[in-house]
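Asks: predicted coordinates and the sequence they were generated for:
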Number of protein chains: 2
Amino acid sequence: MSFDPATLRYDANGLIPAVAQDHATGEVLMVAWMNADAVARTLDTGRVTYWSRSRQSFWAKGETSGHVQTLIEMRVDCDRDCLLLLVDQTGPACHTNRRSCFYTAIREGAEVEIMQPL
Amino acid sequence: MSFDPATLRYDANGLIPAVAQDHATGEVLMVAWMNADAVARTLDTGRVTYWSRSRQSFWAKGETSGHVQTLIEMRVDCDRDCLLLLVDQTGPACHTNRRSCFYTAIREGAEVEIMQPL
């Protein structure tokens, strides 16, 4: 079946969450949002492009930082309302310069930083 | 720092997305939503509990199916608006009886089913 980004289920703002996972290590790097055009751009270019909710504009990941995400494979979930992106991540995915945005763990009721900036 | 679920950033509906990942294999199993009470219940019980948007009620994963998710570790992202749950998943995570909800890949512009029901 040919894939049409319009067939995904977007929220009231026209957005769908996308989980970026390192294709080689399985590490979950970040979660961001896409609209239908960002999904199409990502598939067309092979470079992951999100929609920035704060800036209300396309966000070609790494465009300014150089920390690009090259798309290895896009997957759709059963409800068609979430995406999984297997990516090749250059450098840190997080704006804090950490490999992953999920660097804070909850352990015994407390927040623990488990990852240092690169 | 002691963790308070109220310090997370919830959307207009009071919800935060949570990515469930197999703690042993790294496989991303599903994405669902939690409110602050579901976050607290998950941490208190060690059993992953979501908020069902369709039923508008707590959804203790596996309560009826037996396909429970035992929490190994909860992580918070840099923006505090997304959770990563490392879990021990009993059986399939997906209601279609597949291990993961992300069983559809986009390959060469087409949807391809890459995972069979268990």
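Replies: Yes, it's here.

Asks: which strand or helix spans A:Asn86?
Replies: I think there's a mix-up here, since residue A:86 is Leu and not Asn. Element membership for A:Leu86, per DSSP states H and E: strand A:83-89.

Asks: can you name the residues in contact with that strand?
Replies: Applying CB atoms under 8 Å, 6 or more residues apart in numbering or on different chains, the contact partners of strand A:83-89 are A:8, A:16-24, A:29, A:34, A:39, A:42, A:48, A:67-77, A:99, B:28, B:102. To be clear about C-beta, it is placed using only N, CA and C from the backbone, and glycine gets the same treatment.

Asks: now do the helices in chain A.
Replies: Taking DSSP state H as the criterion, chain A carries its helices at A:36-45.

Asks: residues near the residue of it found nearest chain B, how many?
Replies: Distances between chain A and chain B by CB to the nearest CB are smallest at A:Gly26, namely 2.7 Å. Neighbourhood size, A:Gly26 [other CB atoms under 10 Å in any protein chain shown]: 14.

Asks: and the pLDDT at it?
Replies: In this model, A:Gly26 is scored at 98, pLDDT.

Asks: tell me the spacing between it and B:Val28.
Replies: Distance, A:Gly26 to B:Val28, using CB to CB, to the nearest Å: 8 Å.

Asks: picking up where we left off before, report the separation between the residue of chain A closest to chain B and A:Val19.
Replies: 12 Å.

Asks: the residue nearest the centre of chain A pairs with what?
Replies: The residue lying closest to the centre of chain A (CA atoms, centre = their mean) is A:Ala20, at 3.9 Å. Taking DSSP bridges as the rule, A:Ala20 bridges to A:Met30, A:Leu85.

Asks: so which residues on chain A come close to chain B?
Replies: Where proximity means CB under 8 Å from any CB of the partner chain, the interface of chain A facing chain B comprises A:1-3, A:17, A:19, A:21, A:25-28, A:30-31, A:43, A:73-79, A:82, A:84, A:94-96, A:98, A:101-107, A:109-111, A:114.

Asks: so the residue nearest to the centre of chain A makes contact with A:Met30?
Replies: Yes: between A:Ala20 and A:Met30 there is a contact at 5.0 Å, judged by CB atoms under 8 Å.

Asks: so what's the closest residue to A:Ser2 other than its chain neighbours up against?
Replies: Spatially, and ignoring its direct neighbours in sequence, A:Ser2 is nearest to B:Ala110 (5.5 Å; CB to CB, 6 or more residues apart in numbering or on different chains). Taking CB under 8 Å, 6+ apart, we find B:Ala110 in contact with A:1-3.

Asks: tell me the bridge partners for B:Ala110.
Replies: A:Ser2, B:Arg107.

Asks: list residues touching both of A:Gly26 and B:Val28?
Replies: Listed as contacting both A:Gly26 and B:Val28 by CB under 8 Å, 6+ apart are B:Gln21.

Asks: and the residue nearest to the centre of chain A, what pLDDT?
Replies: 98.

Asks: buried ones among the contacts of B:Ala110?
Replies: A:Phe3 (16 or more other CB atoms under 10 Å in any protein chain shown).

Asks: could you dump the contacts of B:Ala110 to JSON lines with pLDDT?
Replies: Formatted as JSON lines, the contacts of B:Ala110 follow (pLDDT from 0 to 100):
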{"residue": "A:Met1", "pLDDT": "70"}
{"residue": "A:Ser2", "pLDDT": "87"}
{"residue": "A:Phe3", "pLDDT": "96"}
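
Asks: hey, where'd the strands end up in chain A?
Replies: A:16-22, A:28-34, A:49-52, A:57-60, A:69-76, A:83-89, A:104-107, A:110-113 (DSSP state E).

Asks: quick one, what contacts the nearest residue to A:Val48 once chain neighbours are set aside?
Replies: Using CB to CB, 6+ apart and skipping the chain neighbours, the partner closest in space to A:Val48 is A:Gln69 (3.8 Å). Each residue near A:Gln69 by CB under 8 Å, 6+ apart is listed here: A:20, A:29, A:47-48, A:61-62, A:85, A:87-90, A:93.
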